[in-house]
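Engineer: let's see this in three dimensions:
(one chain, ligands or ions: 1)
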Amino acid sequence: MTAFYLTTPIYYVNALPHLGHAYTTIVADSLVRFQRLMGKDSLFITGTDEHGDKIVQAAEKAGSSPQKLADDVSAAFRSLWPRLDVAPAGFVRTTDESHKAVVRAFLQKVHDAGDIYFGEYSGHYCYGCERFYTEKELENGLCPQHLTKPELISERNYFFRMSRYQDWLKQHILEKPDFIRPERYRTEVLALLDSGVLDDLCISRPKSRLTWGIELPFDPQYVCYVWFDALLAYISALGGPESPDFRRYWPQSEHLVAKDILKPHAVFWPTMLKAADLPLFRHLNVHGYWLVRDTKMSKSLGNVIAPLAMADTFGNDVFRYFLLREMHFGNDASFSEEALTARLNADLANDLGNLFSRVLSMTAKFCRSAVPEPGPDEDLERALKKVAEESVSNFKNLFSRLRFSAALESLWELVRALNKYVDAAAPWNLAKNNDGERLGTVLHTLLRYMYIVAVHLWPVMPRKAEVMLEQLGLPVGPEGPSSGILDREDLFAVPLMPGSAVASFSNLFPRRDSEAEASMPGWSVTEEAGGGKNNSGAACPSADRVDAGDPAPGGAIEFSDFQKLELRVGTVTACEAHPNADKLLRVMVDLGESSVRQIIAGIAEFFVPENIVGKQVVVVANLAPRKLRGLESRGMILAVRKDEGLELLSVTAPVVPGSRVS
Ligand code: ME8
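Structural biologist: Numbering: from 1, shown residues only. Alright, predicted model coming up:
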């Protein structure tokens, strides 16, 4: 089995994990899950970078010691990952003894080979960046990253002969076009190598100035520069260059970083490996920055996004989907709760969630939730197959090249085609006309492709994909679908057995409408404006309010007022109790649109939910959406009072869902 080894940066312990760290690590997790489904023996590692001035200063500021700070923050990173369903195979701390041993051996080897020398250096040192800047690199005399004045330091130090490898590195990048990707970062590194002579790298700090680091094996008066230490975590995570895991995984290694640490990864790291006579990694994958409403995230601006808060609000899977879908890998992206809500409502609730909801409720209604026997394919199925094959082939191709957003967009072409197929094949008409064979073909086809969608989504949304597969009667364990499944020739030969049970109801992605929620504090279902019970004849509570501008009950309205009303007949495809309100039912109504509507109706005391499924009802279809006890209602079902009960308005003979009442 081919191996696949991926690393995230080894994060500094001077700050708690934020959205940026979560993004890189979620990408790593998704990519490794994807490669596993492609049949590779895949793993990724992450960890914490704990040495250096930056950490000493942060500890001082926090009134702590570097060790205590490192212990606390490292633990915060480590415990975050499982909560985001991120499963690294290893977690390196640069203060681990095993890591220190790898660093010392590496330093000794490069020193013995003559690529580390002792010399005098004076330069502009920025403590924030932990590096010297040349005159040329400063902007108006200030560090370009921190906009602070660097200190002029002159001291004797150890240097790595990096300049020696400049031409070799350039040649390597030219020969391997995807060594650094996307292209814009490759171009940036080539421009840097072309702009002048590469300086040698100062790789030590005298203990008189800094003790919090790994002591140089050839001079106890010095500790190692933090980058020369941290980059080696990618190797120490595998047990060092002599280990079997190194031999197995290193030839297939890839790194994942953001643009902020391009130079250490694209210049320091390959030259270090070359000097130590170790093979290079295969790819350096560089992504852009998450901005918050187009502004850089920063503590001082108070806009640092805590990943857990977002994952708690939206759910892990929605959060993961959003991050991969919204950022075009390589470019910056803007984070906002509105953007997250929009993706949730459009892609997940409307497209994917509704597909599952409507197909499973139709299978419940027409086939008692048993997978039907398929008949022969017709043109509609042949066209769908073409879309599906193209969609998943593009998905795989794009995902493996880290073009996650485009890959998901490509998978959504299939999701949207499936919704259109429902509309075109109109299973409700087939049921009405007793065309059992064709109905079986249509529902079977839908269930099969829903399985294909769920399997492809597992790397991005593992928990939701597991629920989808369970709903389809094809559950998988926490390890997910079987390794290599996406690479199989017979991917489309889905193991759906006619007669096996599927779920009768699905509500994968409840919509969110924060504005509507906020605008309706204390809204009560049972109390209308005038007090007592509603007797307006409306079954949906969203019409119960009598606003100041409403005509008085019984008052005349103009014909043009009536024309504003869009009344349509719809078929109830599913119904259940509202999770947070005794008097409400959550009714799913098929109005012949691309997706089924959710209507929250105050009729729970009059109806058993199952008894409404399959009925045709009259719906006010153009009512503005409102949120009722946390669920969005998109319309109103009409009813009429009868004695102590309620009758739903209906038609005397079945009509096509969506037919207009006029
Ligand atoms: O640089 N958008 O650690 P670090 C996207 N210890 N990703 C972001 C981001 C943002 N706004 N902010 C941070 C270090 N990241 C070194 C690395 S590796 C041997 C040593 C992510 O804690 C992104 O992956 O500053 C970035 O490269 C990394 O966090 C920097 O993490």
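Engineer: pLDDT wise, what is Leu232 at?
Structural biologist: At Leu232, the model reports a pLDDT of 98.
Engineer: do Cys540 as well
Structural biologist: Per-residue pLDDT puts Cys540 at 19.
Engineer: repeat that for Cys129.
Structural biologist: So Cys129 comes in at 79 (pLDDT).
Engineer: now Pro150
Structural biologist: Pro150 is given a pLDDT of 94.
Engineer: one more: Val596?
Structural biologist: Reading off the model, Val596 has pLDDT 85.
Engineer: thought it was touching Asn354?
Structural biologist: Yes: shown here, Val596 and Asn354 form a contact pair, counting by C-beta atoms under 8 Å, at 5.4 Å. Any C-beta I mention is one placed from the backbone N, CA and C, and that applies to glycine too.
Engineer: who's more crowded, the two?
Structural biologist: Val596 (30 against 24; other C-beta atoms under 10 Å).
Engineer: distance of that one from Lys464?
Structural biologist: 19 Å (C-beta to C-beta, to the nearest Å).
Engineer: would you map out the domains in the chain?
Structural biologist: Per the record, the chain has its domains at 3-287, 320-487, 514-648, by automatic domain parsing.
Engineer: now tell me what touches stretch 132-139 from outside.
Structural biologist: 121, 123-126, 143-144, 147, 150, 153, 199, 202 (C-beta atoms under 8 Å, 6 or more residues apart in numbering).
Engineer: need the contact list for the closest residue to the ligand within the stretch 301-450 of the chain.
Structural biologist: With C-beta to the nearest ligand atom, the shortest gap between the stretch 301-450 of the chain and the ligand falls at Asp332, namely 7.9 Å. For Asp332, the contact set (C-beta under 8 Å, 6+ apart) comprises 288-291.
Engineer: can we see that at 6 Å?
Structural biologist: 288-289, 291 (C-beta atoms under 6 Å, 6 or more residues apart in numbering).
Engineer: and the ligand, which of those residues reach it?
Structural biologist: Tyr289 (C-beta under 6 Å from any ligand atom).
Engineer: can you say which of the contacts of Asp332 are buried?
Structural biologist: If you count burial by 16 or more other C-beta atoms under 10 Å, the buried members of the contacts of Asp332 come out as 288-289.
Engineer: how about the contacts of Asp332 in CSV, adding pLDDT and secondary structure?
Structural biologist: Supplementary listing: the contacts of Asp332 in CSV, determined by pLDDT from 0 to 100; DSSP: H, G, I helix; E, B strand; the rest coil:
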residue, pLDDT, secondary structure
Gly288, 97, coil
Tyr289, 96, coil
Leu291, 94, strand
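Engineer: any chance of the contacts of Asp332 in TSV, with distance to Ile485 too?
Structural biologist: Output for the contacts of Asp332, formatted as TSV (distance: C-beta to C-beta, whole Å):
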residue	distance to Ile485
Gly288	31
Tyr289	34
Leu291	36
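Engineer: ok, the contacts of Asp332 vs the ligand, which is closest?
Structural biologist: Once C-beta to the nearest ligand atom is applied, the member of the contacts of Asp332 that ends up nearest the ligand is Tyr289, at 4.1 Å.
Engineer: state the distance from Ala59 to His18.
Structural biologist: Distance from Ala59 to His18, by C-beta to C-beta: 19 Å.
Engineer: more crowded one of the two?
Structural biologist: Ala59 (21 against 17).
Engineer: how close does Leu152 sit to the ligand?
Structural biologist: 25 Å (C-beta to the nearest ligand atom, to the nearest Å).
Engineer: quick one: closest of the domains of the chain to Leu508.
Structural biologist: Counting by C-beta to C-beta, Leu508 lies closest to domain 320-487 out of the domains of the chain; the figure is 4.5 Å.
Engineer: how about low-confidence regions in the chain?
Structural biologist: 514-557, 560, 643 (pLDDT under 70).
Engineer: and with 50 instead?
Structural biologist: 515-555 (pLDDT under 50).
Engineer: residues from it in reach of the ligand?
Structural biologist: Counting by C-beta under 6 Å from any ligand atom, the chain sits next to the ligand at 9-12, 20-21, 23-24, 49, 230-231, 233, 257-258, 260-261, 289-290, 297.
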